[in-house]
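In: Take a look and give me a structure for this.
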Amino acid sequence: MQGQNEFVVQFKDDQGQPADVGDVQIGSSMSMPSMAPMRGMLRFTATGSNGNLQSDFQLPMSGAWHFTVSWNGPYGQGHTTFNGNVR
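Out: Below you'll find the predicted structure:
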């Protein structure tokens, strides 16, 4: 939703167990007609449970946002993307 949000992500290994993947970031962008895209970058903090991470962040506008979660650590480097509709 527009405004303050909480984003929680959990990483698991090949056996389905929680995994510490190291440094995790989320990038966000929103396309704006006739303007440069609105962007943001967040860092996650561990919630005390292995593999569980949380980030609090502000989404200033409603609309279609694109998110990229990236990690770099013991399990290597990687990323995944998804879209979200912010209301």
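In: Please report how far residue 56 lies from residue 72.
Out: Using CB to CB, to the nearest Å, one obtains 22 Å as the distance from residue 56 to residue 72. Any C-beta I mention is one placed from the backbone N, CA and C, and that applies to glycine too.
In: Settle it for me: which of those two has more neighbours?
Out: More crowded of residue 56 and residue 72, by other CB atoms under 10 Å: residue 72, with 14 against 10.
In: for that one, phi and psi?
Out: Reported as degrees, to the nearest 10, the phi and psi values for residue 72 are phi -150, psi 120.
In: Where does the prediction get shaky in the protein?
Out: Under the criterion of pLDDT under 70, the regions of the chain flagged as low confidence span 41, 43, 46, 48-49.
In: In it, which residue is most central in space?
Out: Residue closest to the mean C-alpha point of the chain, counted by CA atoms, centre = their mean, is residue 26 at 3.3 Å.
In: Could you spell out the sheet neighbours of the stretch of helix or strand that residue belongs to, each with its direction?
Out: Secondary structure from DSSP states H and E places residue 26 in strand 23-32. When sheet partners are counted by DSSP bridges, strand 23-32 sits next to strand 35-43 (antiparallel), strand 63-73 (antiparallel).
In: what number of residues lie near the residue lying closest to residue 28 once chain neighbours are set aside?
Out: Computed as CB to CB, 6 or more residues apart in numbering, the closest residue to residue 28 that is not its neighbour in sequence is residue 40, at 4.5 Å. Taking other CB under 10 Å as the neighbour definition, residue 40 ends up with a count of 15.
In: correct me, but residue 40 touches residue 7?
Out: No - Residue 40 is beyond contact range of residue 7, at 11.2 Å (criterion: CB atoms under 8 Å).
In: for the spatially most distant residue from the centre of the chain, what are its contacts?
Out: Within the chain, the residue lying farthest from the chain centre (CA atoms, centre = their mean) is residue 34, at 26.2 Å. Residues in contact with residue 34 (CB atoms under 8 Å, 6 or more residues apart in numbering): none are found.
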